[in-house]
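S.K.: have a look at this prediction, sequence included:
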Amino acid sequence: MLRLSTLAASLLLAAQAAHAQPLPVVPEAPLRAHLAFLADDLLEGRGTGQRGGALAVRYLEAQSAAIGLKPAVGNGYRQSIAMIGARTLPTSSVRFEVAGKTMTPAPKDEIAYANATGKSAVRFDAPVIFAGYGIDAADENWNDFAGQDVKGKLLIVMVNDPKPTAAEPNRFGGESLTYYGRWMYKYEEAVRQGAAGILLIHTTASASYPWSVASNNFGREQFTLAGPGNALQGWLHEDAARALFTAAGKDLDALRAQAEVRGFKPVDLGIVVHAALDSSVREVEQFNVAGIVPGTDPVLKEQAVIYSAHWDHLGIVEGEGAAPKIWNGAIDNASGSAALLAMAQAAVARPARRTQIFLWPCAEEQGLIGSLGYVRNPIWPLAKTAADLNLDSMNFVGVTRDIGVAGSQRSSLYASAQGVAKSMGLRLAPPVPDLGGAYFRADHFSFAKAGVPAFNVGSAVFSGDGSFEFAHEPAVSSARMVAFKKDYHQVTDRYDPAWDLSGMVQQAQFTLNLGYAVANATAMPTWSRTDPLAKVKR
């Protein structure tokens, strides 16, 4: 088997041909050591608001200092992120009055919800509105709230976004999911609309995951950034939604069809919700970790390239009738966190013209909270941030002949990636429709929303790229990668010392090389003029 020592040498020679100064090489040994430690039971799954998360932060800042990264936040490496943790208590209830009778969906089996206001007790009664997809998008000439004030009302909406038509094959991204289709957007829009709350109708096809994922998630403590939130937000099982609509004399499928047409108006269902939410609430301080390699150019050093990888996973999770279990998150995302440390070690010895920032955001698993907190209070001015290159759930199978760059097509980063791939003897994996909205599910998207060109680099686990071509035993290697999906967000995502990390190092090396291409270029990357994110002012 081709080992990384041989591969790294060939990649380095190719990269050196394209650069006057040799590029730093990402070493495998420290990457493996960091990965093994971060995924160890000792760190208890690096849970948000848990002891294991605090240990991970301490490790990352200690290692950042040891390898020579400069502190990014004053004299330290920690950026404080204030958030609220809330766990819904069994005394909570959500019931509906419809056609003279009361319907109470069964918690966990038919409804899953939480209170995101930061209050320990919330009580409200409100009319229930079907608001289609719950989207207000001027760039798509679409408004599911047109003609009706939904303030103080409970919204029931569909997940995903309006489907393309023969007349408009590219509306809302065509086959690909847009951010308007994500649950995060719909929760945010409900707050902007002043709604009392929002429930999403769950189907496996529209959500891209089964009911158990949504239900189990709401069985845990929920974290949000401190600030405005919905008094009630969560999911309604499709069967429960259908029964509720039928009791109200409404045809759920007919309303869904109506909501596919531009000009749809919200529908008052003639239902009243009675919500009583009791929550165990606490204020939680978590930390992003960040270190800097200062730039060498007297002018360009005022601009920065960010490499990011979230340090958190799900931590210790209590099971029903069973002892708590550690959800180690070896691939998701001890892999990215370890790779960033190895990349930083290499970068410190050979700075680029622009400044380089190595950033480990917190609470990604809770809804990109750490990266969102960063862009709201950036360490480095966003207007002077060239790009964010994110690593999440990396390749643990082996080297590939191509590399995934899904989302880079939105900006000039794609052209840069082409050049770097060529210098490394790689191809870019062909893009495929992003049916699951992968572009909107990792920390780079917080930067993209703030106007910074960004994408998740090279992941062969979950991406909008086609199948990757592994260099050795392609069929067997591909099967191993596909098999990981059963371990995703499960207790079985554990570190295996037998893993061949040559592909992970290859992915890290590509990311670092791309970062150097951006950091040494004359101009900063730019968005494609046709991309909606190009309109964001930073």
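M.R.: Looks like it arrived, so ask away.
S.K.: the longest helix in the protein is where?
M.R.: Assignment by DSSP state H gives helix 502-520 as the longest helix of the chain.
S.K.: from the contact counts, what lies against it?
M.R.: Counting contacts by 3 or more Cβ pairs under 8 Å, 6 or more residues apart in numbering; DSSP states H and E, helix 502-520 is packed against helix 4-17, helix 28-38, strand 304-308, helix 336-348, strand 355-360, strand 385-390, strand 402-403, helix 413-423. Backbone N, C-alpha and C define where each C-beta goes, glycine included.
S.K.: the fourth one to strand 385-390, inter-axis angle?
M.R.: Using axes from the mean of the first three to the mean of the last three Cα atoms, to 10 degrees, the direction of helix 336-348 lies 130 degrees away from that of strand 385-390.
S.K.: and what of the third one?
M.R.: Taking the same axes, to 10 degrees, strand 304-308 and strand 385-390 form an angle of 10 degrees between their directions.
S.K.: with adjacent residues omitted, what lies nearest to Asp144?
M.R.: Spatial nearest neighbour of Asp144, chain neighbours left out: Gly132 (4.0 Å); criterion: Cβ to Cβ, 6 or more residues apart in numbering.
S.K.: verify the stated contact: that neighbour with Val159.
M.R.: No - look at Gly132 against Val159 with Cβ atoms under 8 Å: they stay out of range, at 11.5 Å.
S.K.: give me the element Ser215 is part of.
M.R.: Using DSSP states H and E, Ser215 maps to helix 211-218.
S.K.: skip ahead from that helix and say which helix or strand is next.
M.R.: The helix or strand immediately downstream of helix 211-218 is strand 222-225, counting by DSSP H and E.
S.K.: what does the next helix-or-strand element following that following strand contact?
M.R.: Going down the chain from strand 222-225, the next helix or strand is strand 232-237, by DSSP H and E. Contact partners of strand 232-237, identified using Cβ atoms under 8 Å, 6 or more residues apart in numbering, comprise 94, 105, 109-116, 122, 124, 154, 156, 187, 190, 196-202, 211, 214-215, 218, 244, 273, 275, 277.
S.K.: partner strands of strand 232-237, parallel or antiparallel?
M.R.: strand 111-114 (antiparallel), strand 197-202 (parallel) (DSSP bridges).
S.K.: can you redo these as a markdown table with distance to Val25?
M.R.: Formatted as a markdown table, the strands paired with strand 232-237 follow (distance: least, Cβ to Cβ, whole Å):
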| stretch | distance to Val25 |
| --- | --- |
| strand 111-114 | 46 |
| strand 197-202 | 46 |
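S.K.: winner for burial among those?
M.R.: Using mean count of other Cβ atoms under 10 Å, the stretch among these with the largest mean neighbour count is strand 197-202, at a mean of 27.
S.K.: how far does that one sit from its chain's centre?
M.R.: Remark: strand 197-202 is offset 20 Å from the chain centroid, using Cα atoms, centre = their mean, to the nearest Å.
S.K.: remind me which residues of the protein are low pLDDT?
M.R.: For the chain, the stretches with pLDDT under 70 are 1-20, 319-321, 459-467.
S.K.: partners of the lengthiest strand in it in the sheet?
M.R.: For the chain, the strand with the greatest residue count under DSSP state E is strand 267-293. Looking at strand 267-293 with DSSP bridges, its partner strands are strand 70-71 (antiparallel), strand 78-88 (antiparallel), strand 93-98 (antiparallel), strand 121-130 (antiparallel), strand 355-360 (antiparallel).
S.K.: buried stuff in it?
M.R.: Buried residues in strand 267-293, defined by neighbour count with 16 or more other Cβ atoms under 10 Å: 267, 269, 271, 273, 275, 277-279, 281, 284, 286-293.
S.K.: next, the distance between the ends of stretch 194-203.
M.R.: End-to-end distance for stretch 194-203: 26 Å, by Cα to Cα, to the nearest Å.
S.K.: ditto for stretch 331-342
M.R.: Terminal residues of stretch 331-342 lie 16 Å apart, using Cα to Cα.
S.K.: from the chain's centre, how far out does it sit?
M.R.: On Cα atoms, centre = their mean, the centre of stretch 331-342 falls 15 Å from the chain's centre.
S.K.: how about the helices in the stretch 51-200 of the chain?
M.R.: Here the stretch 51-200 of the chain has its helices, by DSSP state H, counting those that start in this stretch, at 51-67, 183-193.
S.K.: so which of those is nearest Phe470?
M.R.: Checking the helices of the stretch 51-200 of the chain against Phe470 by Cβ to Cβ gives helix 51-67 as the closest, at 30.4 Å.
S.K.: which strands and helices lie in contact with the closest one?
M.R.: Using 3+ Cβ pairs under 8 Å, 6+ apart, helix 51-67 sits against helix 28-38, strand 267-293, strand 315-319, helix 336-348.
S.K.: right, and Ala534 touches Ser528 too?
M.R.: Yes - using Cβ under 8 Å, Ala534 is in contact with Ser528, at 6.4 Å.
S.K.: burial count for Gly68?
M.R.: As a burial measure, Gly68 scores 13 neighbours (other Cβ atoms under 10 Å).
S.K.: give me phi/psi at it?
M.R.: phi 100, psi 10 (degrees, to the nearest 10).
S.K.: who's in contact with it?
M.R.: Going by Cβ under 8 Å, 6+ apart, Gly68 touches Val348.
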